[in-house]
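*Asks:* mind folding the following:
(chains A and B)
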Amino acid sequence: MNEALIEFNDVVKIFPKKDGGEQRVLDRVNFAIPEGKTTVIAGRSGQGKSVTLKLILGLMRADGGQVVVGGENVAALGKQGLNAMRTRFGVLFQGSALFDSLTVYENVALPLRERTGKKEDEIRAIVEATLAELELSGHESKFPAQLSGGMRRRVGLARALQLNPEILLFDEPTTGLDPVMTQEIYQLFARTQAKSGFTSIIVSHDIPRVFSLADQIIVLDRGVMDVFPSTEAIQRSEKAHIQEFVSTTMGALYQSWLVE
Amino acid sequence: MLLEKVRILGNTAIYLLRDLGGMGVYLLHILGGCGKRPFRFRETLRQTSFIGFGSLFVICCTALTTGMVLGLQGYYSLHKFGAEGMLGSAVALSLILELGPVLTALMVTGRAGSSMCAELGIMRNTEQIDALECMAVDPFRYLISPKFIATLISVPLLTAIFDVVGIFGGYLAGVVLMGVDPGSYVEGMRNSVTNHDVNLGIIKSFVFAVLVVWICTGRGYFVQQIRGAGFGAESVSRMTTQAVVLSSISVLVFDYLLTAVLL
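*Replies:* As a prediction, this is how the structure comes out:
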């Protein structure tokens, strides 16, 4: 068993409701993300999957429990500590989160310009190599609005890879993409992971496809997390809410994929 | 029933205090961002061009018409007492002490403040600000401090231009159209406007600049945390409206306070 790189210990996250009440999105959640492996976080919409990623990155604070990254409690980190921790991560956001007013080249070069002391010549060489690897050469001077959804995701991935992260977080990486493009993104992910060997966490609705990449699966349902070492283990689970999740969320496509 | 009203009132008071405290901390972060290296010189210049140079036309138009109205109104009022010679003094003092700083701040709020709020609101909603934080890039240094410095440079300069163009507008209406003696217009102005008046105008324009950029960028930055803002595009449009209204009212309230304290 690999050493845990990220740990959630009794983590609670509460959001206020409009009527003055509160919603427990995460209720005393415990899990560990092993180093060098791919973990998939699955669950219905609004169950706190993206919140989990934001807690890991320190973009949100937990209302109880501890989020531990690399042995350090995220809540106890100061601004400098948080920045140092965040440089270990690369994040591919749901909508890519590219800067609208910057070109593809400028978007990908941004982390290198801001976080390293590299000269512009070096930065250009690194960015052009990454863009070529992700089949984006020739699009350097385009703006995000001029790109297709799949290209935007690839630019987002290129930007996430610039600082050679140890951990990659993917927040719904294929939402809104057609099946061909979705397949392309996952192939690209598998290729990059094989090359770099980073730890990755994928939050996705695209259950059948994304499960093929997973070393560990976490199902998030009504504030509670269940951790499974494989897709077969999910199917074998006797918990009623997991069986319901398998039958309703994953549907026939998942069943057929398991049979295959 | 009464208990429910007290609860709502208490909740609202706590929310307003938290919002105000959050905005105070936000201002400290902006000031901190201004001192961080590397300084974004090119972005600050670009913002100064957008806020300052971009507002020049609307400021000149407003100043010219305001000055001309002051010239005409002043002439008719002063003519009744045979005091047309005081027209230059009346126009200049009105512009330098009140109308110049206030109208410039309101124009910059409408033209550039709304744009800054919408830009940051969209960046927040599309996770661009989260992306900056994930790359360990300080969003205050990268995004907001250049806007802050640019507004602090632009608003006082625009106010000075407003004053000059306004005084020229008053000259056109009073001297060229109504026949007031040009010497008395200029001399009256020179004799009555003191350094203290000019300094007060400058202080006001700096304070208004801080208010405009602080409130407008703050409403955009916190678009997802503000009660009743809604979601998505609607939240950005609501916050932009709120930013313009709030900063305009703040400018007018602070104008009174500064006049009362410094005059």
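*Asks:* secondary structure element for B:Ile153?
*Replies:* helix B:145-171 (DSSP states H and E).
*Asks:* now find how far off-centre the next helix-or-strand element following that helix is within its chain.
*Replies:* For helix B:145-171, the following helix or strand on the C-terminal side (DSSP H and E) is helix B:182-192. Relative to the chain's own centre, helix B:182-192 is displaced by 29 Å; criterion: C-alpha atoms, centre = their mean, to the nearest Å.
*Asks:* tell me the buried residues in helix B:182-192?
*Replies:* Neighbour counts over helix B:182-192 (16 or more other C-beta atoms under 10 Å in any protein chain shown) mark B:Ser184, B:Tyr185, B:Gly188, B:Met189 as buried. For every residue, glycine as well, the C-beta is placed using N, CA and C.
*Asks:* equivalent analysis for stretch A:201-220, please.
*Replies:* A:201-204, A:206-211, A:213-220.
*Asks:* just these: which are in helices?
*Replies:* Counting by DSSP state H, the part of these found in helices is A:Ile207, A:Pro208, A:Arg209, A:Val210, A:Phe211.
*Asks:* and of these, the nearest to chain B?
*Replies:* Among those, A:Val210 lies closest to chain B (C-beta to the nearest C-beta), at 20.4 Å.
*Asks:* name the nearest residue to the closest one, sequence neighbours excluded.
*Replies:* Distance criterion C-beta to C-beta, 6 or more residues apart in numbering or on different chains; nearest residue to A:Val210, sequence neighbours excluded, is A:Ser204 at 4.3 Å.
*Asks:* equivalent analysis for A:Glu22, please.
*Replies:* A:Glu22 sits nearest to A:Ile14 (C-beta to C-beta, 6+ apart), 5.0 Å away.
*Asks:* what does A:Leu157 give?
*Replies:* Closest residue to A:Leu157 apart from its sequence neighbours, by C-beta to C-beta, 6+ apart: A:Leu92 at 5.5 Å.
*Asks:* what's opposite the one you found in the beta bridge?
*Replies:* Beta-bridge pairing of A:Leu92 under DSSP bridges involves A:Phe170.
*Asks:* what ranges do the helices span in the chain?
*Replies:* As the question left the chain open, I've gone with chain A. Using DSSP H, helices in chain A cover A:49-57, A:79-86, A:104-115, A:120-133, A:149-161, A:179-196, A:207-211, A:231-236, A:240-245, A:251-259.
*Asks:* actually, chain B is the one I wanted.
*Replies:* Here chain B has its helices, by DSSP H, at B:2-34, B:41-51, B:56-80, B:87-93, B:100-108, B:114-125, B:128-134, B:139, B:145-171, B:182-192, B:195-221, B:232-262.
*Asks:* how about the residues of chain A near chain B?
*Replies:* With C-beta under 8 Å from any C-beta of the partner chain as the criterion, chain A meets chain B at residues A:20, A:54, A:57, A:59, A:82-84, A:86-87, A:89, A:91, A:93-95, A:97-100, A:110-111, A:114-115, A:163.
*Asks:* give me the buried subset of the residues you listed.
*Replies:* Using 16+ other C-beta under 10 Å as the burial test, the residues of chain A next to chain B include A:54, A:57, A:59, A:82-83, A:86-87, A:89, A:91, A:93-95, A:97-99, A:110-111, A:114-115, A:163 as buried.
*Asks:* got the residues of the stretch 101-250 of chain B near chain A?
*Replies:* By the rule C-beta under 8 Å from any C-beta, the part of the stretch 101-250 of chain B lying against chain A is B:122-123, B:126-128, B:130-131, B:133-137, B:142.
*Asks:* for those residues, work out which two are farthest apart.
*Replies:* Pairwise distances across these peak at 22.4 Å for B:Ile122 and B:Ala136 (criterion: C-beta to C-beta).
*Asks:* tell me the contacts of the spatially most central residue of chain B?
*Replies:* Computing the C-alpha centroid of chain B and ranking residues by C-alpha atoms, centre = their mean puts B:Ala105 first, at 2.6 Å. By C-beta atoms under 8 Å, 6 or more residues apart in numbering or on different chains, the contact list for B:Ala105 reads B:Val155, B:Thr159, B:Ser205, B:Phe208, B:Ala209, B:Leu211, B:Val212, B:Ser247, B:Val251.
*Asks:* try it again with 10 Å
*Replies:* Neighbour list for B:Ala105: B:113, B:151, B:155, B:158-159, B:204-205, B:207-209, B:211-212, B:247-248, B:250-252, B:254-255 [criterion: C-beta atoms under 10 Å, 6 or more residues apart in numbering or on different chains].
*Asks:* tell me how many other residues surround residue 132.
*Replies:* Since you didn't name a chain, this refers to chain A. For A:Ala132, the count of nearby residues is 11 (other C-beta atoms under 10 Å in any protein chain shown).
*Asks:* right idea, wrong chain: chain B
*Replies:* 22.
*Asks:* let me know the pLDDT of it.
*Replies:* With respect to pLDDT, B:Leu132 scores 94.
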